[in-house]
Structures are given as structure tokens and as C-alpha cells.
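Student: could you work out the structure for the sequence below:
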Amino acid sequence: MEEYLLRELRNYVVGAIRREKAYLKFHVNNKRKDSKRLWSALDKLNIHRNALKNLPKSISVEALNNHYINSVLDTDIDLGLLDHYQSNLKPVIEELCEFVEVNEIEVLKVFGTITSSAAGNDNLSQQLWKIVMPHCLGHLTHIIDYSLTTGVVPKLWKIVHV
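Tutor: As a prediction, this is how the structure comes out:
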């Protein structure tokens, strides 16, 4: 229940900040042509380059201190919840992921599953790839194996056009 209330409060504050920023942006943009009015409006907002060294007289130091003391959420630790998380840790994975080199037949099978006729970043259509595949299959297989063993992927493979 507290999480729900905190989430609602957070959403309310974020929404309020967004509305105020939009309001300020609207008024700043409307007064942009008249710089005197713009700076006058900004001055009324009490925005200054130099931070104020003292609190305004309308704010009591004691009231501010009490506000921060009382605004802290409950800091008691739920030991049952702590035990639950401690007893439900994920096991440590000791085996590393190892890639197995591929062979030309596997590359050819995967290539055959491609149904798109769109050209890739290399501007080669699937139709052209089918024609040149017998001549470049070994090289393509080597590039894939090299990528799997070293973790280095050709930059051209990382580019996507949506």
C-alpha cells in the first residue's frame, strides 16, 4: 500500500513539475521578443545566478529542521523480508557462455530462412546474395566464427534502418 501511495505522490510531483516547466517555457517564449519584459518576469520568479546565503525571513530554521526530521519514512528493517531475500539468492553461475564455431552448412541453412527481399546496409539484395553465396560462403562463415570467438562484430552489421 505504501508503495502505491509513494508512486502516486511521485507521479503527482513529476506531473506538477512538468506543468510548471511548460508554463514557464510558454511565457518565456512569448516574451522573447521584448527582453525587458522577459527579464522582468524572470526577476519576479526570484531566479538569480548567485545562491542566497541566508534563508528568507519567512522560513524558520526550526520549522525547516522539523520538516526534514518528520519527512523520513519508517527506517525499521523488516527482518523477515531480509531473511527471505537472503535465503532466495540466485545461484552463482560458474560456467561461462561458450560459442561453438559454425560451419558452412549451418550458415547456408540460416541464410535460407531469410524471407525479406529488402537490401541491407551493403545494398545487396537477397537475390544477389543467392548468386554470390557459393563463392563467398567460406569467407562469410569465417567472419561469423571470428565474431563469435573474439566478440568483434563488423560495424556494418550493427547499423539498422527502420
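
Student: what residues are up against N103?
Tutor: Each residue near N103 by Cβ atoms under 8 Å, 6 or more residues apart in numbering is listed here: T141. (Glycine included, C-beta is placed from N, CA and C.)

Student: please enumerate the helices of this protein.
Tutor: Secondary structure of the chain by DSSP state H: the helices cover 2-30, 35-44, 61-70, 79-87, 104-112, 126-150, 155-158.

Student: any idea how the chain splits into domains?
Tutor: Domain assignment for the chain by automatic domain parsing gives 2-87, 104-158.

Student: now the last one: average pLDDT?
Tutor: Read that as domain 104-158. The average pLDDT for domain 104-158 rounds to 87.

Student: go on, the longest one?
Tutor: Looking at domain 2-87 alone, the average pLDDT works out to 79.

Student: look up how far I105 lies from T115.
Tutor: Distance, T115 to I105, using Cβ to Cβ, to the nearest Å: 20 Å.

Student: and the two? Which one has more around it.
Tutor: When neighbours are counted by other Cβ atoms under 10 Å, I105 comes out ahead of the other of T115 and I105, with 10 against 6.

Student: if we can go back for a sec, just put the helices of the chain in JSON lines and tack on distance to G120.
Tutor: Shown next, in JSON lines, are these (distance: least, Cβ to Cβ, whole Å):
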{"stretch": "helix 2-30", "distance to G120": "41"}
{"stretch": "helix 35-44", "distance to G120": "51"}
{"stretch": "helix 61-70", "distance to G120": "58"}
{"stretch": "helix 79-87", "distance to G120": "46"}
{"stretch": "helix 104-112", "distance to G120": "12"}
{"stretch": "helix 126-150", "distance to G120": "9"}
{"stretch": "helix 155-158", "distance to G120": "8"}
